[in-house]
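Novice: Take this sequence and fold it.
(chains A and B)
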Amino acid sequence: MNVYKEEKIMKTLLWGSALFTVFILIAILSFLIIKGAGALSIDFLTKIPTDSGEKGGIFPAILGTLYLVTIAVLTAAPLGIGGAIYLVEFQREGIITKIIRFGADTLNGVPSIIFGLFGFAFLVYYLKLGVCILSGGLTLGFMILPTVLRTSEEALRAVPRGDKEGSYALGATKLQTIRNIVLPQSFSGIVTGIILGIGRAAGETAPIIFTAAILNPVLPKSVFDPTMTLPTHLYNLVSEATPDKLLNAYGTALVLVMIILITTYSALLLRRYFTRNIRR
Amino acid sequence: MNREKLVERILLICALSAIFVIFLIIMFLFKEGLPILKKEGLSFIFGRFWEPSKNIFGALPFIIGSLSVTFLALLIAVPLGLFCAIFLSEIAPGWAESLLRPVIELLAGIPSIVYGMFGLIIIVRAIKVSIGLPTGESVLAGGIVLALMILPIIISISEDSINAVPRAYKEGSLALGATHWQTIRNVIIPSASSGILASVILSMGRAIGETMAVVLVLGNVEMIPRSIFNPAEALTSVILLEMGETPVGGTHYQALFAIGILLFVIVMLLNTASILIRRRMR
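Specialist: The predicted model follows:
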């Protein structure tokens, strides 16, 4: 009898912990929606902030985050996809692939604030790029490089061997096979990795706070100008928490989370579609 | 040189870029931070006072701050995460699994600054009201916020290792008359223990390196916390809060990079341990 009682109690606890996890997400999202929906309006999305963020909108911050993410992807995508092609198509499993993979895993674990320090010391100061979109975008690009590399690698590996061999048998060269067989088949998997990287880059604060961000609502004219961004703007509003700033902070957080959840969710859908295609 | 060789070279450079970046990060951290670490020696790590204006740099309060928040977070997140992982792989019916999986991925996608904001507005206030502290910003608040953040990592890696337990073990145990929970406790968890350990170590590295969530809820007081109800300051918070106000190249600037070195070394040791454990599992 005792055993069955224990069984019941433990199963209830297991269900309870799962429910609690769902509850956490609901709590965070409803907190943002309830508090932030009031701040959202067309003006909020398209106007420049005034009174150091107490009034006005967040347009420069949205634009700045967009610029930073674009540069981050332009940095990480060629390096990550190129590296993955090398790992899968050009190099046999061995010491070199192990080193490269270890490097990617190590880079993946570096705390974001260290990327900030590095970006400042190397890009802003040593290379004299200054605090600007380029410095921040490159820093974010280095940060998401491992994500892009490892997901691309997975996608490339999923291409069936027979398809490649068929291409070789028809007399195609290695480069032709990669271009015509391997890349088209792994395309959606690679895109998934890039989207996951975008989601991560858009929300990071610590790497860009010393490398790209300013508080002034000035629209940048080139990649060598600093910019406002959504996460750093949010940080400033929250840490100075006056009631007006807080209302705008909720609005900013809601916009940021919506951007990130939509990108993450589309990556998940894409991945599901893509794994289903492989199984077929 | 033929075209294929040229492409191969270019791709090799791409593949090596991650290692190159790691190398640059180490080089610049040590270039800026090593001089002061050498000069101050162990007193940088064990010094109890941090007063940049008087050139006194002791990082002990921040080390203890980071460690105490991290352990508290693990204490909360490991049981919860492990239970979720067991739920997912052992007892969840199809509909519950397809509900919980996206929930976990979305939790992992929420940026740390938003967790920090949620912590500051909800958790800090709840602690203040329910326990009656003068301010709710405390190690406890930091631990709870970090626990929420590392939960997805613990769930997903523990689940992988639970799924890797051979089916025959489980069936053998059930065939001997054990109940499902007895099987989970006596067969599945012990067999998956190294993977679970890997997930705990990895999430410990994440928690120590986390910046934005803790800086908003810890209170940022440069003192060693006496209990979980005291405010504290983490290694990451010091860098974030003080980088802006220090001239490049000065002693204070170097001290912040030295803290970066401490952080980097701790996190790298934890990550490498986790990677090695997971590799041995396979």
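
Novice: close to chain A, is the helix or strand containing residue B:11?
Specialist: Assigned by DSSP states H and E, residue B:11 belongs to helix B:3-40. Yes - Helix B:3-40 reaches chain A (C-beta under 8 Å from any C-beta of the partner chain) through B:3-4, B:7-8, B:10-19, B:21-22, B:24-25, B:28-29, B:31-32. All C-beta atoms are positioned from the backbone trio N, CA, C, and that covers glycine.

Novice: With stretch B:100-109 instead?
Specialist: Yes - on the criterion C-beta under 8 Å from any C-beta, stretch B:100-109 is in touch with chain A at B:100, B:102, B:103, B:104, B:105, B:106, B:107, B:109.

Novice: List the contacts of that stretch.
Specialist: Identification of contacts with stretch B:100-109 by C-beta atoms under 8 Å, 6 or more residues apart in numbering or on different chains yields A:18, A:21-22, A:24-25, A:28, A:199, A:203, A:260-261, A:264-265, A:268, B:84, B:87-88, B:92, B:148, B:151-153, B:155-156.

Novice: and those residues, which of them are in helices?
Specialist: If you go by DSSP state H, the contacts of stretch B:100-109 have A:18, A:21-22, A:24-25, A:28, A:199, A:203, A:260-261, A:264-265, A:268, B:84, B:148, B:151-153, B:155-156 in helices.

Novice: what about residue B:280, neighbour count?
Specialist: Using other C-beta atoms under 10 Å in any protein chain shown, residue B:280 is surrounded by 9 other residues.

Novice: How about residue 52, nearest residue that isn't a chain neighbour?
Specialist: Picking chain A for this. Nearest residue to residue A:52, sequence neighbours excluded (C-beta to C-beta, 6 or more residues apart in numbering or on different chains): residue A:215, at 7.1 Å.

Novice: meant chain B, my bad for not saying
Specialist: Among residues not flanking residue B:52 along the chain, residue B:252 sits closest, at 4.4 Å (C-beta to C-beta, 6+ apart).

Novice: Likewise for residue B:154?
Specialist: Distances taken as C-beta to C-beta, 6+ apart put residue B:81 closest to residue B:154, at 3.1 Å, once the chain neighbours are dropped.

Novice: Helix or strand: which one has that neighbour?
Specialist: For residue B:81, the host element (DSSP H and E) is helix B:60-86.

Novice: Need the mean per-residue confidence for the helix or strand just after that helix.
Specialist: Toward the C-terminus, helix B:60-86 is succeeded by helix B:94-109 as the next helix or strand (DSSP H and E). In this model, helix B:94-109 carries a mean pLDDT of 90.

Novice: and the direction of helix B:94-109 versus that of helix B:60-86, what angle?
Specialist: Angle of helix B:94-109 versus helix B:60-86, following axes from the mean of the first three to the mean of the last three C-alpha atoms, to 10 degrees, is 160 degrees.

Novice: send the alpha carbons of helix B:94-109 over as PDB?
Specialist: Below are the C-alpha coordinates for helix B:94-109, written out as PDB (Å, rounded to 0.1, in the frame of the first residue of the first chain):
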ATOM      1  CA  GLY B  94       1.500  13.400 -25.900                       C
ATOM      2  CA  TRP B  95      -0.500  16.600 -25.500                       C
ATOM      3  CA  ALA B  96       1.400  17.600 -22.300                       C
ATOM      4  CA  GLU B  97       4.700  17.000 -24.000                       C
ATOM      5  CA  SER B  98       3.800  19.100 -27.000                       C
ATOM      6  CA  LEU B  99       2.700  21.900 -24.700                       C
ATOM      7  CA  LEU B 100       5.700  21.800 -22.400                       C
ATOM      8  CA  ARG B 101       8.400  21.600 -25.100                       C
ATOM      9  CA  PRO B 102       7.700  25.000 -26.700                       C
ATOM     10  CA  VAL B 103       7.200  26.500 -23.200                       C
ATOM     11  CA  ILE B 104      10.800  25.500 -22.300                       C
ATOM     12  CA  GLU B 105      12.200  26.800 -25.600                       C
ATOM     13  CA  LEU B 106      10.400  30.100 -25.200                       C
ATOM     14  CA  LEU B 107      11.600  30.400 -21.600                       C
ATOM     15  CA  ALA B 108      15.100  29.900 -22.900                       C
ATOM     16  CA  GLY B 109      14.500  32.700 -25.500                       C
END
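
Novice: In the helix holding residue B:81, which residues are buried?
Specialist: With burial defined by 16 or more other C-beta atoms under 10 Å in any protein chain shown, the residues of helix B:60-86 counted as buried are B:60-70, B:72-74, B:76-78, B:80-86.

Novice: go on, stretch B:42-50?
Specialist: Applying a neighbour-count criterion of 16+ other C-beta under 10 Å, one finds B:44, B:47, B:50 buried in stretch B:42-50.

Novice: which among those gets closest to residue A:55?
Specialist: Within the buried residues of stretch B:42-50, the smallest distance to residue A:55 is 37.8 Å, found for residue B:50 (C-beta to C-beta).

Novice: What pLDDT does the model give residue A:280?
Specialist: At residue A:280, pLDDT is 43.
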